[in-house]
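Asker: Test case, fold it:
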Amino acid sequence: QVQLVESGGGVVQAGGSLRLSCAASGRSFSNYAVGWFRQAPGKERELVARINSNGSTLYLESVKGRFTISRDNAKNMLYLQMNSLKPDDTAVYYCAARSLGSPAYGYWGQGTQVTVSS
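Answerer: Down below sits the predicted model:
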């Protein structure tokens, strides 16, 4: 079991930066694949970035080169550094965790709003 709490959302102008954080509670955080999802109004939720237990990463094409996902297993923390933000990045951002061997993300945070103004 793992519980996730996001922070760091807010309102920023286009071109600006934000850093999202996700604090995880529970044991064996390092064994989980973790990721950031987002959902904009009227749109389906999409995977923005994920990082596996071995450190390998994957990004949504539209955020490559602008967003960086990282984790600190010693602190049970997940981060998403977002640079060069665009209005299209406006959404509720969720962190999620997938246990080893599971095909689905079974643990979710409550979400944090990111609003990028033009």
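
Asker: Flag the shaky bits of this structure, pLDDT-wise.
Answerer: By pLDDT under 70, the chain has no low-scoring segment.

Asker: centroid residue for the protein?
Answerer: Most central in the chain under Cα atoms, centre = their mean is residue 36, positioned 2.3 Å from the mean C-alpha point.

Asker: who's in contact with it?
Answerer: 20, 22, 47-50, 69, 78, 80, 93-96 (Cβ atoms under 8 Å, 6 or more residues apart in numbering). C-beta coordinates here come from the backbone N, C-alpha and C atoms, glycine included.

Asker: Could you confirm residue 94 falls within a strand?
Answerer: Yes: assessed by DSSP: H, G, I helix; E, B strand; the rest coil, residue 94 belongs to a strand.

Asker: That one pairs with what?
Answerer: With DSSP bridges as the criterion, residue 94 is bridged to residue 37.

Asker: same question, residue 72
Answerer: In this entry, residue 72 is beta-bridged to residue 77, by DSSP bridges.

Asker: count of neighbours near it?
Answerer: Neighbour count for residue 72, taken as other Cβ atoms under 10 Å: 12.

Asker: Look up how far residue 80 lies from it.
Answerer: Per Cβ to Cβ, to the nearest Å, residue 72 is found 13 Å from residue 80.

Asker: Next: residue 117.
Answerer: Going from residue 117 to residue 80 by Cβ to Cβ gives 19 Å.

Asker: now swap in residue 35 and tell me
Answerer: Counting by Cβ to Cβ - residue 35 and residue 80 are separated by 9 Å.

Asker: Can you check which residues contact both of the two?
Answerer: Common neighbours of residue 35 and residue 80 (Cβ under 8 Å, 6+ apart) are 48, 49, 69.

Asker: Turn these into TSV, including secondary structure, distance to residue 104 and neighbour count.
Answerer: Below are these laid out as TSV (DSSP: H, G, I helix; E, B strand; the rest coil; distance: Cβ to Cβ, whole Å; neighbours: other Cβ atoms under 10 Å):
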residue	secondary structure	distance to residue 104	neighbour count
48	strand	17	23
49	strand	17	22
69	strand	19	22
